[in-house]
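Student: how would this look folded up:
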Amino acid sequence: MITLILVITNITVYLILAYKSSNILRIDMEYMKLLGISKHALLSGHYYQLLTSFFVHFDLPHLGYNMVFLSIFGSKAEELYGRKVFLAIYFASGVLSSLVCFIYPENTISAGASGAIFGTLGAVLIAQRNVYPQGVYTSLYYAAVFLILSAVTGFLAHLIGLIFGFLLGYIITRNWYEEEVEKSF
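Tutor: Next comes the predicted model:
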């Protein structure tokens, strides 16, 4: 249910901005400057961009890819962690990955839900480590494949989201599997 709300919210924001941009395929850069995130804007006090940046997308394919993956991994995270924990993972991963803007040149604009989605992916993979033959190692392999497939844009935001999702997911699920608890003694 939360995943569906997030998808609908992202699509609605895109449609509003597309209408205002008079272009369904690409959002006007003025709106991206206002709602995306950049080091300059954040240092100027536009803290709201830590949240708005992962609800805006540059163009229709950007939105489409993100919503497909949000639907897949968000639904699974919601099933595994419950609504509240999934939402916390999603937003924490999104905000943290938005901070990557400090690494980029001052006026570089970043946007999209990818960091939050990669955080969700990491949390899902680590929560399902007992499903895979080699546990955590197989989870890392699948994560690496998705990371490589998305390496064209936002690589650092994706990587930070993924690592944070793994860590957060592991902290939350560390007592889910008895064999791991027994090994720690």
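Student: Nearest residue to the residue nearest the centre of the chain in space, ignoring adjacent ones along the chain?
Tutor: What sits nearest the mean C-alpha location of the chain, by Cα atoms, centre = their mean, is Ala116, with 1.6 Å. Spatial nearest neighbour of Ala116, chain neighbours left out: Gly94 (3.2 Å); criterion: Cβ to Cβ, 6 or more residues apart in numbering. C-betas here are computed from N, CA, C, even on glycine.
Student: ok, now how distant is that neighbour from Asn23?
Tutor: 26 Å (Cβ to Cβ, to the nearest Å).
Student: swap in Ile2?
Tutor: 30 Å.
Student: Which one's more surrounded, these two?
Tutor: Using other Cβ atoms under 10 Å as the criterion, Ile2 and Asn23 rank with Ile2 on top: 16 against 13.
Student: The more buried one and Leu87 touch, don't they?
Tutor: Yes: contact criterion Cβ atoms under 8 Å: Ile2 and Leu87 qualify, at 5.6 Å.
Student: can you give me the helices in this structure?
Tutor: Counting by DSSP state H, the chain has helices at residues 2-21, 29-35, 39-43, 49-52, 60-69, 75-81, 83-98, 114-127, 136-149, 155-173, 178-183.
Student: Least reliable of those helices by average pLDDT, please.
Tutor: The weakest mean pLDDT among the helices of the chain belongs to helix 178-183, with a mean of 54.
Student: Now tell me what touches stretch 38-57 from outside.
Tutor: Under the criterion Cβ atoms under 8 Å, 6 or more residues apart in numbering, residues 9-10, 13-14, 17, 27, 31-33, 35-37, 63, 66, 91, 94-95, 97-99, 101-102, 104-116 lie in contact with stretch 38-57.
Student: Give the buried residues for it.
Tutor: Using 16 or more other Cβ atoms under 10 Å as the test for burial, stretch 38-57 gives 38-39, 41-42, 46, 49-50, 52-57.
Student: if we can go back for a sec, winner for burial among the helices of the chain?
Tutor: Highest mean neighbour count among the helices of the chain (mean count of other Cβ atoms under 10 Å): helix 114-127, with a mean of 29.
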